[in-house]
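mind folding the following:
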Amino acid sequence: MINETIKRIEAKIRDSSLNEEKRLEFMRLVDILKKELTNLSEKDAEQARSVAGFAEISSHEATREAKDKALLDISLHGFTSSVDKFEIEQPELVKAVNSICMLLSNLGI
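Have a look, this model is predicted:
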């Protein structure tokens, strides 16, 4: 399930109107997220699916043509909240999520 979600995020990024620099940065961060979610899923598969789901929703809101800042903000809040409790045990996951959220929030909305 997580791999399918990541594939949908990657497709969304490829099909978006992001410039090449942002697209490559986003893809790099998604690769890190995929690795970290794989690690998390070994310990807590349900939480890993939740993080992946918020990643997909946030990616959708940031890359859609008719952007809605309120929806993006809500999705980003959910995304960051989904990893709050992992700051100590999964610091790289939290770092990846925070970096993705910063990138998405800075996409010109």
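
spatially central residue for this protein, please.
Closest to where the C-alpha atoms of the chain average out (CA atoms, centre = their mean) is Ala55, at 3.2 Å.

so who does that one touch?
5, 9, 30, 33, 79, 97, 100 (CB atoms under 8 Å, 6 or more residues apart in numbering). From N, CA and C alone the C-beta is placed, and that goes for glycine too.

if we use 7 Å, what do you get?
Counting by CB atoms under 7 Å, 6 or more residues apart in numbering, Ala55 touches 9, 33, 79, 100.

could you do Ile100 as well?
29, 33, 55.

need the next SSE after the longest helix seen in the chain, C-terminal direction.
The longest helix of the chain (DSSP state H) is helix 20-43. Moving toward the C-terminus from helix 20-43, the next helix or strand (DSSP states H and E) is helix 45-63.

tell me the mean pLDDT for that following helix?
Helix 45-63 shows a mean pLDDT of 93.

by how many degrees do it and helix 20-43 diverge?
Put simply, helix 45-63 runs at 160 degrees to helix 20-43, going by axes from the mean of the first three to the mean of the last three CA atoms, to 10 degrees.

how far off centre is helix 45-63?
From the chain centre to the centre of helix 45-63 is a distance of 6 Å (CA atoms, centre = their mean, to the nearest Å).

show me what counts as buried in the longest helix of the chain.
22, 25-26, 29-30, 32-34, 36-37, 40-41 (16 or more other CB atoms under 10 Å).

check the offset of that helix from the chain's centre.
8 Å.

on that earlier part again, now distance to Phe86 and pLDDT too, for the contacts of Ala55, in TSV please.
Shown next, in TSV, are the contacts of Ala55 (distance: CB to CB, whole Å; pLDDT from 0 to 100):
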residue	distance to Phe86	pLDDT
Ile9	19	92
Leu33	13	95
Phe79	13	95
Ile100	15	93
